[in-house]
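Asker: Just need the structure, nothing else, for what follows:
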Amino acid sequence: MLRAITIAVILGTAAIGLYYLGGPVIFTKTVTDSLQQGLDQVQTGLTYDKFVNMVDSQKDILVAKMPPQTIDLIMNEAKKFPTTVSESMQDMISKISPTSQSVIYSKQGEFVGLKGHNASGKAEIITVGKIAFLRFENFQVTNGPDLHVYITTDGDVTTGIDLGKLKGSIGDQNYVLNGVDIKTYNVVEIYSPPFHVYFAEAKLS
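Answerer: Below is the predicted model:
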């Protein structure tokens with residue numbers, strides 16, 4: 001009889017422990033479900049992966065229909081998945097100038113985060129012969145959905161030049177500045193076109 005009572009007590013204690021250990025798991029699942037429910041309301045069957053892999057025009061249409069809560073959930077989800085890249089300066093120089101030419105450092109600036117996002121590292125414009133490129137060193141930014149690199153005049157992306165998607169939220173990277181007047185453009189922006197959100201900038205001087 002005593003043995004049976006002891007076993008019952010052990011089983012009861014174990015059940016209580018599992019209940020409390022299970023709490024965080026249930027909470028995490030609820031957060032994930034909230035994002036999925038929000039995406040379903042925008043478009044039936046839409047998932048986070050499907051959304052991030054859509055072309056820009058499709059994203060623009062869906063973002064226009066999204067409530068702020070769903071946008072916040074997407075932003076928070078993107079933060080969980082930083083991307084890394086590692087490009088050397090010499091690799092870019094050899095691509096744009098196979099022959100030996102002088103390397104000139106024109107402008108540089110330090111990245112700062114915008115709108116509550118974090119950023120650090122250096123942006124610099126490097127000219128080799130007649131071709132210039134933009135380089136990020138020791139770069140890091142809060143990851144976001146569909147981030148692009150813009151070179152602008154005074155930080156306005158609407159009149160700036162889109163250099164393409166950010167290659168990685170962490171690491172050194174290069175962007176060719178074909179046909180860009182490097183004297184006119186003085187601010188680099190990390191910007192999400194579908195969500196119209198600035199993530200970081202570097203003022204060049």
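
Asker: make it CA atoms for all contacts and neighbour counts henceforth
Answerer: Fine.

Asker: Please report how far the residue nearest the centre of the chain lies from residue 116.
Answerer: Residue closest to the average C-alpha location in the chain (C-alpha atoms, centre = their mean): residue 143, at 2.6 Å. From residue 143 across to residue 116, the span is 12 Å (C-alpha to C-alpha, to the nearest Å).

Asker: what do you get for residue 183?
Answerer: Residue 183 is 30 Å from residue 116, by C-alpha to C-alpha.

Asker: bridging residues for residue 113?
Answerer: On the basis of DSSP bridges, residue 113 is bridged to residue 200.

Asker: domain ranges for this structure?
Answerer: Domain assignment for the chain by automatic domain parsing gives 2-79, 89-203.

Asker: Now the weakest link among the ones you listed, please, by mean pLDDT.
Answerer: The minimum mean pLDDT among the domains of the chain belongs to domain 2-79 (a mean of 74).

Asker: got the residue ranges for the strands in the chain?
Answerer: 103-113, 119-128, 131-141, 148-152, 161-165, 173-176, 187-192, 197-203 (DSSP state E).

Asker: Show residues contacting stretch 56-75.
Answerer: 35, 38-39, 42-43, 48, 51, 144-145, 194-195 (C-alpha atoms under 8 Å, 6 or more residues apart in numbering).

Asker: If any of these are buried, put those into a PyMOL selection.
Answerer: To isolate the buried ones among these in PyMOL, judged by 16 or more other C-alpha atoms under 10 Å, type:
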select buried, resi 35+38+39+42+51+144+145+194+195
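
Asker: out of the contacts of stretch 56-75, which are inside helices?
Answerer: 35, 38-39, 42, 48, 51 (DSSP state H).

Asker: Name the residues of stretch 87-106 that are buried.
Answerer: Buried, per 16+ other C-alpha under 10 Å, within stretch 87-106: 89, 92-93.

Asker: send the alpha carbons of that stretch over as CSV?
Answerer: Only the C-alpha atoms of stretch 87-106 are listed here, as CSV (Å, rounded to 0.1, in the frame of the first residue of the first chain):
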residue,chain,number,x,y,z
GLU,A,87,33.7,39.5,-49.7
SER,A,88,37.3,40.8,-49.9
MET,A,89,38.2,44.2,-51.4
GLN,A,90,40.8,42.6,-53.7
ASP,A,91,38.2,40.3,-55.3
MET,A,92,36.2,43.3,-56.4
ILE,A,93,39.3,45.2,-57.6
SER,A,94,40.4,42.2,-59.7
LYS,A,95,36.9,42.0,-61.3
ILE,A,96,36.6,45.6,-62.3
SER,A,97,40.2,46.2,-63.2
PRO,A,98,42.2,43.2,-64.4
THR,A,99,45.3,45.4,-64.9
SER,A,100,47.1,47.1,-62.1
GLN,A,101,45.7,50.5,-61.3
SER,A,102,45.9,52.9,-58.4
VAL,A,103,43.2,52.5,-55.7
ILE,A,104,41.7,55.7,-54.3
TYR,A,105,39.5,55.9,-51.2
SER,A,106,37.0,58.7,-51.9
